[in-house]
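# here is the input, now give the coordinates:
(2 chains)
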2 protein chains.
Amino acid sequence: MSLIVVGTMAFDAIETPFGKVDQIIGGSATYVTYAASNFVQPIQQVSIIGYDFPEEELEALEKRGVTMEGVVRVPNKKSFFWSGRYHLDMNSRDTLVTDLNVLADFDPVLPASYQDTEFLMLGNLHPLIQKKVIEQMKQRPKLIVMDTMNFWMESSMPELESVLKMVDVLMINDSEARQLSAQFSLVKAAKAILKMGPKYLIIKKGEHGALLFHEDKVFFAPALPLEEVFDPTGAGDTFAGGFIGHIARTKDISFDNMKTGIIVGSAMASFCVEKFGPQRLKEITKADIANRIQEFVDLVNFDIELV
Amino acid sequence: MSLIVVGTMAFDAIETPFGKVDQIIGGSATYVTYAASNFVQPIQQVSIIGYDFPEEELEALEKRGVTMEGVVRVPNKKSFFWSGRYHLDMNSRDTLVTDLNVLADFDPVLPASYQDTEFLMLGNLHPLIQKKVIEQMKQRPKLIVMDTMNFWMESSMPELESVLKMVDVLMINDSEARQLSAQFSLVKAAKAILKMGPKYLIIKKGEHGALLFHEDKVFFAPALPLEEVFDPTGAGDTFAGGFIGHIARTKDISFDNMKTGIIVGSAMASFCVEKFGPQRLKEITKADIANRIQEFVDLVNFDIELV
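Take a look at the predicted model:
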């Protein structure tokens, strides 16, 4: 078995300048697996859902090779719910509602069949939950990737620092990198964060692309210039899913292959923002993905003849 | 003769979070030629200076192959002076002083020896001055590149529109592209601006890189992630100088060669911000430039094997 994905499976209500949806499927693990399942199967999901999470959504993921043995359904509680409103520039948003519901009880137990999996993707969760998952692995995965957010830097920094020492790749956005490192320059921020434990750091800059740092090396991948960003919700998790999906497919954890993983992640994220929620990710084909990746190649490819 | 550069030669006073200088050499044509002269010589300068512009600064440029026949010195007036203060993030600044001085009288007359030059770089000036230069060319240059700014969009839009119809490449920043097109999405902005006349549009995004648009094609070049940006003054003009210098050296105005030109321009701009004013541009060698361009290759280069 190749990839464990830990994260939320939830409902979102989203308002953007283009429209509004009251309740659609969301959650970090949902987006990660919709993206990653294009590249690697099976995927072993770890999450918690309430009585209200639709069975057909689980079945849709199962058809994509996602195993639900690690997903716990709580019969008398609602699923995690998040609601947000995007500003006109789509780069910032206000959280309107966060109802933890089942997430307050999330205490993941890894099924025995998950415990020797090679790749582990930890979606944004309390750092102690992320740590507990790592500690249940019978053998150390080949690569552990984690996402986190500013909320944990403010509320649980010691716990976050302890889990940072256990992972290989940290994935955060630019403002989180600045907050975590107390450095404004992203180059200085990366140097500081790489001393905290992770060997690789991916800084996501939204419409401005993503940076990969490792030792003294740096790689930059642009975001595809889009006519319209319809709904950015889940774009970061979709990026993570494309990245880890590519790595788990190729089983190659070199810096060079991570560069390719970031291009794959960027391509997947560029689909995600085209419709509300994970809708667009459900529709796209392997040919769509190949074409989109080619657009990234064309976007940055140049010949140079030194003077 | 290969390249005409039209623009200001001036004094700047600059305040950044890293320090302050009261009077250093600046001006768009100064930065353009310091960058372009690494790639192509001679360069035919067109500008206006006051009695106070130092003779040794002219000589330093002449040593780099810059011809001063088109530079008028006004004996009883001061040179153009600009003073600005950068904010902590270095992405925005306040203009403190703009003393036009000699610039109020600028009415460029192209020397006969300039009139059949192949490449023309029009720095940011009143659009009617840019137009007047174009109209003095005996034969239409192979490529006309122009810079402009929001000030002319607000004060002289009809004149700006008329000169846009006469140029090949427009170079502006992201907020200027949005203002000129009344479109927020840069992809939509580019489509609108390409209908106004220019066949190529370069949108500069500062630390977020630059985009080149032509017909349905788009190319993206990142900015080099830097530990510190010491002084961004002149970075846009230096970018322009690297771009047009590469194009004039190779005499190749294809889209593919413009992509390379943008990488060269980005490399030159990354030097410019390392010290106050054009200081760093005076120091660097051809080997420094080749190494910096290689850093750009490493930064964006990746292998892809489609799934």
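
# who's in contact with the residue nearest the centre of chain A?
Central residue of chain A (Cα atoms, centre = their mean): residue A:237, 2.7 Å from the mean position. Contacts for residue A:237 were tallied using Cβ atoms under 8 Å, 6 or more residues apart in numbering or on different chains; they are A:7, A:28, A:29, A:30, A:31, A:32, A:35, A:123, A:147. In this view, the C-beta of every residue, glycine as well, is placed from N, C-alpha and C.

# specify the beta-bridge partners of the last one.
What it means is residue A:147. Beta-bridge partners for residue A:147, by DSSP bridges, are residue A:171.

# of all the contacts of residue A:237, which comes closest to chain B?
When those are compared for distance to chain B (Cβ to the nearest Cβ), residue A:35 wins out at 12.3 Å.

# picking that back up, check the offset of the helix or strand hosting the residue nearest to the centre of chain A from the chain's centre.
Element membership of residue A:237 [criterion: DSSP states H and E] is helix A:235-250. Remark: helix A:235-250 is offset 7 Å from the chain centroid, using Cα atoms, centre = their mean, to the nearest Å.

# how big is the angle separating the very next helix or strand once past that helix from helix A:235-250?
Counting by DSSP H and E, the next helix or strand C-terminal to helix A:235-250 is helix A:255-272. Here helix A:255-272 runs at an angle of 140 degrees relative to helix A:235-250 (axes from the mean of the first three to the mean of the last three Cα atoms, to 10 degrees).

# which residue, other than its chain neighbours, is closest to whatever residue of the stretch 1-150 of chain A ends up closest to chain B?
Using Cβ to the nearest Cβ, residue A:39 is the residue of the stretch 1-150 of chain A that sits closest to chain B, at 6.0 Å. Spatial nearest neighbour of residue A:39, chain neighbours left out: residue A:245 (3.5 Å); criterion: Cβ to Cβ, 6 or more residues apart in numbering or on different chains.

# how many residues are close by the one you found?
Counted with other Cβ atoms under 10 Å in any protein chain shown, residues neighbouring residue A:245 total 31.

# for residue A:65, see how far away it is.
11 Å (Cβ to Cβ, to the nearest Å).

# give me the common contacts of the two.
Listed as contacting both residue A:245 and residue A:65 by Cβ under 8 Å, 6+ apart are residue A:37.

# quickly note the distance from residue A:101 to residue B:137.
71 Å.

# these two: which has the busier surroundings?
Shown here are residue A:101 and residue B:137; by other Cβ under 10 Å, residue A:101 has more neighbours (19 against 16).

# pLDDT score for the more buried one?
Here, the pLDDT recorded for residue A:101 equals 96.

# cool, residue A:306 as well?
You'll see residue A:306 listed with a pLDDT of 54.

# repeat that for residue A:19.
Value for residue A:19, per-residue pLDDT: 88.

# look up the closest residue to it, ignoring the ones flanking it.
With Cβ to Cβ, 6+ apart, the residue lying closest to residue A:19 is residue A:276, at 7.2 Å.

# so where does the one you found fall, helix or strand?
Residue A:276 belongs to no helix or strand, assigned by DSSP H and E.

# is it correct that it is in contact with residue A:24?
Yes: at 6.1 Å, residue A:276 and residue A:24 qualify as touching, with contact defined as Cβ atoms under 8 Å.

# now the common contact residues for the two.
Joint contacts of residue A:276 and residue A:24 (Cβ under 8 Å, 6+ apart) are residue A:14.

# between these two, which one's more packed in?
Between residue A:276 and residue A:24, counted using other Cβ under 10 Å, the more crowded position is residue A:276 (20 against 16).
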